[in-house]
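**Student:** Got a sequence here, can you build the structure:
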Amino acid sequence: MKFKIKKGDVVQVIAGKDKGKEGKVTQILGKENRVVVDGVNVSFKHLRAKQSGQSGQKIQFFAPMNISNVQLLCPKCKKNSRVGIQLTDDKKRVRICKKCQTAID
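**Tutor:** Prediction:
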């Protein structure tokens, strides 16, 4: 599935417990319509001790969130905006910011 948000983009969370936070997209899960954003949606996984005498572990990770809950931050105008597609003269598709009409790629 094709999305207008790509790996490495800086996005802002627009819904949920981390609303207003910004981060970089580290992973896109296409079949589930989810993205993993660095520094957002922190979860913990508790692991039981493998042997007696050892203590368990608490592992922190960034859980995936729905792609509809994030919006791309334009590198030029520094605002979150919708993304449009525009064809250039040599028939290439370029992502553009809907607010300032500049190319994002």
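**Student:** C-alpha only now, for contacts and for neighbours.
**Tutor:** Will do.
**Student:** For F3, grab the count of nearby residues.
**Tutor:** By other C-alpha atoms under 10 Å, the residues close to F3 number 9.
**Student:** any idea what it is structurally, helix, strand or coil?
**Tutor:** Following DSSP: H, G, I helix; E, B strand; the rest coil, F3 is assigned to coil.
**Student:** For it, give its distance to D9.
**Tutor:** 12 Å (C-alpha to C-alpha, to the nearest Å).
**Student:** go on, N66?
**Tutor:** 15 Å.
**Student:** Between the two, tell me which one has more neighbours.
**Tutor:** Higher neighbour count among N66 and D9: D9, with 19 against 14, using other C-alpha under 10 Å.
**Student:** Skipping adjacent residues, who's closest to R82 in space?
**Tutor:** Here the nearest residue to R82 in space, its sequence neighbours aside, is K98; by C-alpha to C-alpha, 6 or more residues apart in numbering that works out to 5.6 Å.
**Student:** Contact partners for the one you found?
**Tutor:** With contact set as C-alpha atoms under 8 Å, 6 or more residues apart in numbering, K98 has these partners: S81, R82, V83, G84.
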